[in-house]
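Engineer: sequence unknown, structure follows:
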């Protein structure tokens, strides 16, 4: 079974006139002002899944500042999950600083979504204000059966690109330490913090409830990143995430095939590890 844990969907009206959404949405503008930045609907995701042998995909929207946009995008994710219940799972997404964010999480989970994400702090990094904003949301996820929260992270070094946040490894460590009982999925390999599982003190315990998705990996890392994850002892914590429509699944398959992973280890990444969340 292949499970893609990180995809993005938007209502057709959002796609048809994205420029109408730019006002007072600096994060969305940053990522989608370029007309070449792809946006997709549910049927396009299903078609890509069929073409690449993906059995289940987890979809989310965007962390909109405007609650109306967030609710409309979340409603669309709910509709897609209801339309393709055997193929899609969904996450509730919103600006974590919105006062109604925790209530929106409850609404969406009660409507059938599987958690929260991809939450992002594109302009600030995961600072103390972000951790405070996450507190009630994380409590909801624990109360609802310890559902996952996917959070945008990125490597703190290297080339610049739209959506690269000023997040630090120290901030990511503090995130995990602040919510030790929550299941947290860190997008984009957790900014590389998984390397520090080899430390003798603190990090193994701090990161015990943290998973890492592979979103955008072909843009960021050599295929050997998969071998390093296994060597660091987190082969069971790596989740296939394509960031569709950013990249198609076969780009990730090629990297996995170019790695030194065994077939069993590849299958863990492709789907087995994600069964905990999205079976």
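Structural biologist: Good, I have the coordinates. No experiment lies behind these values; they were computed from the predicted model shown.

Engineer: C-alpha only now, for contacts and for neighbours.
Structural biologist: OK.

Engineer: which residue ranges form the strands in this structure?
Structural biologist: Counting by DSSP state E, the chain has strands at residues 3-8, 56-60, 88-90, 116-119, 149-151, 184-186, 210-213, 238-239.

Engineer: Quick one: distance of the fifth one to the chain centre.
Structural biologist: The chain centre lies 6 Å from the centre of strand 149-151; the measure is CA atoms, centre = their mean, to the nearest Å.

Engineer: I would like the residues contacting it, please.
Structural biologist: Contacts of strand 149-151 with the rest of the structure, by CA atoms under 8 Å, 6 or more residues apart in numbering, involve 115-120, 138, 141, 182-187.

Engineer: if we can go back for a sec, of the strands of the chain, which approaches residue 172 most closely?
Structural biologist: Closest to residue 172 of the strands of the chain, according to CA to CA: strand 184-186, at 8.9 Å.

Engineer: So what are the sheet partners of the closest one and their directions?
Structural biologist: Note on strand 184-186: by DSSP bridges, its sheet partners are strand 149-151 (parallel), strand 210-213 (parallel).

Engineer: got a markdown table for those strands, with distance to residue 222 and mean pLDDT too?
Structural biologist: A markdown table is the format used below for these (distance: least, CA to CA, whole Å; pLDDT from 0 to 100):
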| stretch | distance to residue 222 | mean pLDDT |
| --- | --- | --- |
| strand 149-151 | 23 | 98 |
| strand 210-213 | 15 | 98 |
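
Engineer: rewinding a little: redo the strands of the chain as CSV? Include mean neighbour count and distance to residue 246.
Structural biologist: Conversion of the strands of the chain to CSV gives the following (neighbours: other CA atoms under 10 Å; distance: least, CA to CA, whole Å):
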stretch, mean neighbour count, distance to residue 246
strand 3-8, 27, 9
strand 56-60, 27, 13
strand 88-90, 28, 18
strand 116-119, 27, 15
strand 149-151, 24, 17
strand 184-186, 27, 17
strand 210-213, 25, 14
strand 238-239, 28, 17
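
Engineer: can you tell which of those strands is closest to residue 170?
Structural biologist: Taking CA to CA, strand 184-186 is the member of those nearest to residue 170, at 14.0 Å.

Engineer: Quick one: distance of that closest one to the chain centre.
Structural biologist: That offset, for strand 184-186, works out to 7 Å (CA atoms, centre = their mean).

Engineer: Name the residues that touch that strand?
Structural biologist: Contact with strand 184-186 is made by 148, 149, 150, 151, 152, 153, 176, 209, 210, 211, 212, 213, as judged by CA under 8 Å, 6+ apart.
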